[in-house]
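Asks: generate a structure from the sequence data that follows.
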Amino acid sequence: MSEEMPEEKPDLISVPKSGLKPDEKPEDKPVENSSRISIDDFAKVQMRVGQVLEAEKIEGSRKLLKLRVDIGNEVRQVVAGISEAYAPEDLLNKKVILVANLKPAKLMGVESNGMIVAASDGDRPVLATFNEDVPNGSPLR
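Replies: Numbers count the residues shown, from 1 in each chain. Purely as a prediction, here's the structure:
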């Protein structure tokens with residue numbers, strides 16, 4: 001008869017109650033199924049390539065910029081909370097992603113007709129842009 005060797009168990013990693021590993025940030029955690037949307041829901045969001053034609057600070061605000069963005073078939077006025085990360089002159093001619101089918105909103109008394117897409121790096125916004133030249137108005141899918 002042969003002796004049975006006890007099964008080796010892998011080292012277990014302690015996971016805090018938050019469900020995150022010790023070196024993991026909350027934004028690294030996978031998206032839970034309950035917050036996922038269908039492809040049909042995603043298709044409702046109309047994103048277009050836009051080129052910033054004008055940018056200026058909004059008086060009385062430290063975060064908001066008023067932009068005029070060419071999205072191919074029209075030029076949109078958009079208010080974006082990116083002033084602490086971007087100087088208006090640095091945005092000129094930059095290609096950005098604009099959510100085009102949002103209802104208009106007023107921010108600090110200025111109407112915004114869309115939303116510029118940006119990532120959050122802590123408190124700092126980082127614009128989603130392109131490495132290659134893409135025609136204004138091109139849809140994102």
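
Asks: for the lengthiest strand in the chain, buried residues please.
Replies: Ordering each strand of the chain by length in residues (DSSP state E) puts strand 47-57 first. Under the neighbour-count criterion of 16 or more other Cβ atoms under 10 Å, strand 47-57 has M47, R48, V49, G50, Q51, V52, A55 buried. For the C-beta atoms, the positions are set from N, CA and C on the backbone; glycine is no exception.

Asks: I figured N136 hits V49, correct?
Replies: Yes. With contacts counted by Cβ atoms under 8 Å, N136 reaches V49, the gap being 5.8 Å.

Asks: identify the contacts common to the two.
Replies: Common contact partners of N136 and V49 (Cβ atoms under 8 Å, 6 or more residues apart in numbering): I71, G72, K95.

Asks: ok, G60 - how many residues close by?
Replies: 8 (other Cβ atoms under 10 Å).

Asks: do you know how far it is from V110?
Replies: Distance of G60 to V110, given as Cβ to Cβ, to the nearest Å: 10 Å.

Asks: same check, this time on N136
Replies: Taking Cβ to Cβ as the criterion, N136 is separated from V110 by 22 Å.

Asks: V45 now?
Replies: 23 Å.

Asks: settle it for me: which of those two has more neighbours?
Replies: More crowded of V45 and V110, by other Cβ under 10 Å: V110, with 16 against 12.

Asks: ok, the more buried one touching V79?
Replies: Yes. Taking contacts as Cβ under 8 Å, V110 lies within contact range of V79: 5.3 Å.

Asks: overlap in contacts of those two?
Replies: With Cβ under 8 Å, 6+ apart applied, the overlap between the contact sets of V110 and V79 consists of I58, L64, K66.
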